[in-house]
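Enquirer: Okay, predicted coordinates and the sequence, questions at the end:
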Protein chains: 4
Amino acid sequence: MKVTVVAGNPKPASRTLAAAHIIAHALTGREADDAVDVVELGAGLLGWGDPAVANAVATVRTSDLVIVASPTFKATYTGILKLFLDQFDTGTGLAGITAVPLMLGAGPAHALAPELLLKPVLVELGAICPTQGLYLSDKAYDQPGVTDAWMDRWAVTVLGSASASPDTTHLTRKGL
Amino acid sequence: MKVTVVAGNPKPASRTLAAAHIIAHALTGREADDAVDVVELGAGLLGWGDPAVANAVATVRTSDLVIVASPTFKATYTGILKLFLDQFDTGTGLAGITAVPLMLGAGPAHALAPELLLKPVLVELGAICPTQGLYLSDKAYDQPGVTDAWMDRWAVTVLGSASASPDTTHLTRKGL
Amino acid sequence: MKVTVVAGNPKPASRTLAAAHIIAHALTGREADDAVDVVELGAGLLGWGDPAVANAVATVRTSDLVIVASPTFKATYTGILKLFLDQFDTGTGLAGITAVPLMLGAGPAHALAPELLLKPVLVELGAICPTQGLYLSDKAYDQPGVTDAWMDRWAVTVLGSASASPDTTHLTRKGL
Amino acid sequence: MKVTVVAGNPKPASRTLAAAHIIAHALTGREADDAVDVVELGAGLLGWGDPAVANAVATVRTSDLVIVASPTFKATYTGILKLFLDQFDTGTGLAGITAVPLMLGAGPAHALAPELLLKPVLVELGAICPTQGLYLSDKAYDQPGVTDAWMDRWAVTVLGSASASPDTTHLTRKGL
């Protein structure tokens, strides 16, 4: 199972990227295989055919599980993330790939955004999004326990969707 | 695998209900095991504790796959369907159950409603909704081919989500 | 200017209704002219043609400003509120009427719901919704100051929309 | 009344921009005062502080009425439009400005996108969005009559919102 994290933050090496790595690790018990820090693609995102952008798209398209992460800008995902997602083909760009919509925000007021706004974009690209969208505080995303409720409800579902023979031995919390 | 259809139309025995049965059959190759025609529950929907409502909730909760269908009223699902969904517990009411959001409308203008509006309610109840929401014309929902594109993309995903050992032998279209 | 409050809570005389009255008073400086506590309409909501329901619809339709309020059930408005809104004609049912979408919830996680979910239903009925949807804590909706930021940004806009010659003398906070 | 059109299409001089101009003219009876064709801002959109971007933001912020237009990419607005909107301050960036969310698409399936997806971003920036979001076919946006129903319902409302003393003499269709 190939696991990739995507972060659409205007700053490189952001908390958004760190949070995506944390979720990937929590879900799979190991480091992600690859990462796309969208901002590093630069002005190539503004057109079509840029080799680095094409390479990043291919990285995502050959994954089994993708954590797609964004900070909350104007109560929804960032323009820079959407710019990257616009590079994928409608319906087939993420077909067969399990994706988790993840957003970070300064406060809880925008907690519905990953479910109502980010997930439908991923699904439109063909992604399988079997979980509820996940929203984390950008100050507490790395604190112990903040994702326990979401993990308890959705981790086995994600792994079952992303892999024909999922390894869930690292999921040791009660009820999993 | 227990399959149930739910229809939230103010009229009993509606096209909404018929469409839900068609989708259930297309997905599984057989008739649904059970059906909840919400309007038949009557005024018991307006409170809590009605035995017929509780029985309908239990029917859904013991299912593996549920087709949740609504006509389009005011660009979204009906009040009567939401009244029934309000009877389920948040987070756990549909936990572990695979659900397909289905809406019928007079024209294509509201085609985003099952994905953007109905699916999030089901997910909030804990349902696994691995497919894109499905929107069908209320005049053509029973015509050959109208669901082929959706079935081609999502049928195997639905069955894999709803069953540990899905039978997909009835899915004979190219590419499945 | 006729002002009406609508509350779609399964319990009569709810905090939802109280909050709608508070907002109406804060906006206009006086009591609302009329109120529809939807649950009191009972089983007549499940069909069409009930006289009490028709009377409640007429009350709303003859208003200039309507506060439409719901508790948060399953991350969105209630089924009982939608049941009432389904009684209005699409496009014209609330045409020319200024409406404020208001939701109460136990915590801040669903704060986007009035803007993303309730407002579009009102607009589909023809209502003018010039403000951002308002979300209040169901424990603190009546505390001093909780609506100040929203009032500062939107009160004059609401009144200007609802009245050709709005009286804003009661709006005394800085910046209004 | 200063009127500005904004188009967020990856191609310059797009049908999106043309449609925004048509709507501005239909609403006001004259040409827009200014236009922002977002793609012309180029790589400056990817950071903060670019002078051309700042100038475009100032153009919008000093307007009374803004038509904000996007083609439909992945069932919602484009990344490039959101990149531009991310340059505005939350809550105040469009405060006091009347905005019309406009989207063009190849077919009617995404007609809910301007209301459900684009409008909330504008409102989060503080804009007054008193109309229903407008969705037009990218093949027929310039055909006679395609906006009549929307204009009949919303033109007077837009002008009343954008101007203290609106001139509506150019609105000659029946019912206005």
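Expert: Cool, got the structure. It should be emphasised that the depicted structure is a prediction, and the values quoted were computed from it without experimental measurement. Numbering: from 1, shown residues only, chains lettered A, B, ... in the order given.
Enquirer: Sticking with residue A:69, tell me its helix or strand.
Expert: If you go by DSSP states H and E, residue A:69 is part of strand A:65-71.
Enquirer: what about the residue nearest to residue A:70 when sequence neighbours are not counted, how many neighbours?
Expert: With sequence-adjacent residues excluded and distances taken as Cβ to Cβ, 6 or more residues apart in numbering or on different chains, residue A:70 is closest to residue A:77, at 3.9 Å. For every residue, glycine as well, the C-beta is placed using N, CA and C. Residues near residue A:77, counting by other Cβ atoms under 10 Å in any protein chain shown, number 27.
Enquirer: Residue A:77 touches residue A:110, doesn't it?
Expert: No - contact criterion Cβ atoms under 8 Å: residue A:77 and residue A:110 do not qualify, at 10.3 Å.
Enquirer: what is in contact with those two at once?
Expert: Taking Cβ atoms under 8 Å, 6 or more residues apart in numbering or on different chains as the criterion, residue A:77 and residue A:110 both touch residue A:103.
Enquirer: tell me the contacts of the residue of chain A found nearest chain B?
Expert: For chain A and chain B, the shortest gap (Cβ to the nearest Cβ) falls at residue A:130, measuring 4.3 Å. Contact analysis of residue A:130 by Cβ under 8 Å, 6+ apart lists A:98, A:154, A:157-158, A:161, B:128-130, B:161.
Enquirer: Kindly report the same for residue A:163.
Expert: Residue A:163 makes contact with A:1, A:64-65, according to Cβ under 8 Å, 6+ apart.
Enquirer: sorry, back to before: out of the contacts of residue A:130, which comes closest to chain C?
Expert: residue B:129 (13.6 Å).
Enquirer: backbone phi and psi for that closest one, please?
Expert: Here is the backbone geometry of residue B:129 (degrees, to the nearest 10): phi -120, psi 80.
Enquirer: in terms of contact, does residue A:48 touch residue A:87 like I think?
Expert: Yes - counting by Cβ under 8 Å, residue A:87 is a contact partner of residue A:48 at 7.3 Å.
Enquirer: for the host helix or strand of residue A:20, which positions count as buried?
Expert: Here residue A:20 sits within helix A:15-28, counting by DSSP H and E. The neighbour-count check on helix A:15-28 (16 or more other Cβ atoms under 10 Å in any protein chain shown) flags A:15-17, A:19-25, A:27-28 as buried.
Enquirer: Residue numbers of chain A in contact with chain C?
Expert: Applying Cβ under 8 Å from any Cβ of the partner chain, we find that chain A lies next to chain C at A:75, A:107-113, A:115-117, A:135.
Enquirer: what do you get if the cut-off is 7 Å, keeping everything else the same?
Expert: Taking Cβ under 7 Å from any Cβ of the partner chain, the part of chain A that reaches chain C is made up of A:75, A:108-113, A:116.
Enquirer: pLDDT and neighbour count added to those, as TSV?
Expert: Output for the residues of chain A next to chain C, formatted as TSV (pLDDT from 0 to 100; neighbours: other Cβ atoms under 10 Å in any protein chain shown):
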residue	pLDDT	neighbour count
A:75	98	22
A:108	96	15
A:109	97	16
A:110	98	24
A:111	98	24
A:112	98	25
A:113	98	25
A:116	98	26
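Enquirer: Identify the farthest-apart pair in those residues.
Expert: A:108 and A:116 (14.6 Å; Cβ to Cβ).
Enquirer: Now do the residue nearest to residue A:7 when sequence neighbours are not counted, the pLDDT please.
Expert: Nearest in space to residue A:7, with sequence neighbours left out and distances taken as Cβ to Cβ, 6+ apart, is residue A:17 at 3.8 Å. Note on residue A:17: pLDDT of 98.
Enquirer: For residue A:17, give its distance to residue D:138.
Expert: Distance, residue A:17 to residue D:138, by Cβ to Cβ, to the nearest Å: 36 Å.
Enquirer: Please point out which parts of stretch A:64-72 sit buried.
Expert: Of the residues in stretch A:64-72, those buried (16+ other Cβ under 10 Å) are A:64-72.
Enquirer: Can you give the contact residues for it?
Expert: A:1-9, A:16, A:19-20, A:23-24, A:60, A:77-78, A:81, A:97-105, A:110, A:113, A:118, A:122, A:138, A:158, A:162-163 (Cβ atoms under 7 Å, 6 or more residues apart in numbering or on different chains).
Enquirer: Touching, residue A:157 and residue B:128? I think so.
Expert: Yes - between residue A:157 and residue B:128 there is a contact under Cβ atoms under 7 Å: 5.6 Å.
Enquirer: In terms of packing, which of those two has more residues around it?
Expert: Comparing residue A:157 with residue B:128 by other Cβ under 10 Å, the one with more neighbours is residue B:128, at 25 against 20.
Enquirer: and that one, what is it in contact with?
Expert: Applying Cβ under 7 Å, 6+ apart, the residues near residue B:128 are A:130, A:157, B:97-99, B:161.
Enquirer: The contacts of residue A:130 in helices, which ones?
Expert: Counting by DSSP state H, those place A:154, A:157-158, A:161, B:161 in helices.
Enquirer: so where's chain A uncertain?
Expert: Scanning chain A for pLDDT under 70 picks out A:172-176.
Enquirer: And the strands in it?
Expert: Here chain A has its strands, by DSSP state E, at A:3-7, A:34-37, A:65-71, A:98-105, A:134-137.
Enquirer: For residue D:40, which of those is the nearest?
Expert: strand A:65-71 (25.5 Å).
Enquirer: Around chain D, pick out the residues from chain A.
Expert: Checking chain A against chain D by Cβ under 7 Å from any Cβ, the hits are A:42-43, A:46, A:73-76, A:78-80, A:82-83, A:85-86, A:90, A:120-121, A:124-125.
Enquirer: From those residues, keep the buried residues only.
Expert: Buried subset of these (neighbour count, 16+ other Cβ under 10 Å): A:46, A:73-76, A:78-80, A:82-83, A:85-86, A:120-121, A:124-125.
Enquirer: In helices only, show me these.
Expert: A:79-80, A:82-83, A:85, A:120-121, A:124.
Enquirer: I'd like those laid out as TSV, including distance to residue A:167.
Expert: Shown next, in TSV, are those (distance: Cβ to Cβ, whole Å):
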residue	distance to residue A:167
A:79	37
A:80	34
A:82	33
A:83	35
A:85	29
A:120	30
A:121	29
A:124	30
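Enquirer: Nearest to residue C:34 among those?
Expert: Of those, the one sitting nearest to residue C:34 (Cβ to Cβ) turns out to be residue A:120, at 38.2 Å.
Enquirer: contacting residues for that closest one?
Expert: Each residue near residue A:120 by Cβ under 7 Å, 6+ apart is listed here: B:115-116, D:75.
Enquirer: Name the nearest of these relative to chain C.
Expert: Distance to chain C across the contacts of residue A:120 (Cβ to the nearest Cβ) is lowest for residue B:116, with 8.6 Å.
Enquirer: Thought residue D:113 was touching the closest one, still the case?
Expert: No - counting by Cβ under 7 Å, residue B:116 stays clear of residue D:113, with 8.8 Å between them.
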